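Novice: Build me a structure from this.
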Amino acid sequence: MIRGLSKDLLQKRVLFKKYIIIIIHHEKLLESFIMLNEQEILDMLIGRGLIMSSMNYRHCVESMALMTSKKKIDSFEWRCKNAKCSKYKTTISIRSGSKFEGLKLPFRKILKVILYWSEGMIQNEIMQVVQISRTALASI
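Specialist: Numbers count the residues shown, from 1 in each chain. Here you go, the predicted structure:
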């Protein structure tokens, strides 16, 4: 015991300090994450193997090109660049074949949900902070 503190109270203080350190770490991670642009988020996901770094098109078995797109939620898409292919210029979502396939939220919001959830934040708080519905949260 230190200066009359019980063993139980000391353990609680140690756990509290660890919890504060974890929160500070997550806040720094979140701050650095918020500063990323869409290309940097995509690069991070590709670098961690969460999104494919290349895609072969099933119709012509040629490599597709990763292109920017104003129409896609993620700002990128895979596009067939084989002029001889009957499906030339066809696009495929960059989420195809990943855990993100079928999710309608932007990567940034999905990653925020995961980060807040890993912090122990409850669902109602996550929905409020990330500004998503219960249905959207449940889809993740």
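
Novice: Which secondary structure state does I92 sit in?
Specialist: Classification of I92 by DSSP: H, G, I helix; E, B strand; the rest coil places it in strand.

Novice: Contacts only, for it.
Specialist: Taking CB atoms under 8 Å, 6 or more residues apart in numbering as the criterion, I92 is in contact with M55, Y57, M64, E77, W78, R79. Where you see a C-beta, it was placed from the backbone N, CA and C, and this is true even at glycine.

Novice: Same question for P106.
Specialist: Counted by CB under 8 Å, 6+ apart, P106 has contacts I73, D74.

Novice: For it, give its distance to I41.
Specialist: Per CB to CB, to the nearest Å, P106 is found 9 Å from I41.

Novice: cool, K7 as well?
Specialist: K7 is 46 Å from I41, by CB to CB.

Novice: Distance check, the most centrally placed residue in the chain against L29.
Specialist: Centroid-nearest residue in the chain: L111, 3.1 Å away (criterion: CA atoms, centre = their mean). Distance from L111 to L29, counting by CB to CB: 10 Å.

Novice: cool, and I110?
Specialist: Applying CB to CB to I110 and L29 gives a distance of 15 Å.

Novice: Looking at these two, which is more packed in?
Specialist: A direct count of neighbours by other CB atoms under 10 Å for I110 and L29 places I110 higher, at 21 against 13.

Novice: In what element of secondary structure is that one found?
Specialist: Element membership for I110, per DSSP states H and E: helix 107-119.

Novice: Averaged pLDDT, whatever helix or strand comes next after that helix. What do you get?
Specialist: As assigned by DSSP H and E, the chain's next helix or strand after helix 107-119 is helix 123-130. What helix 123-130 shows for mean pLDDT is 89.
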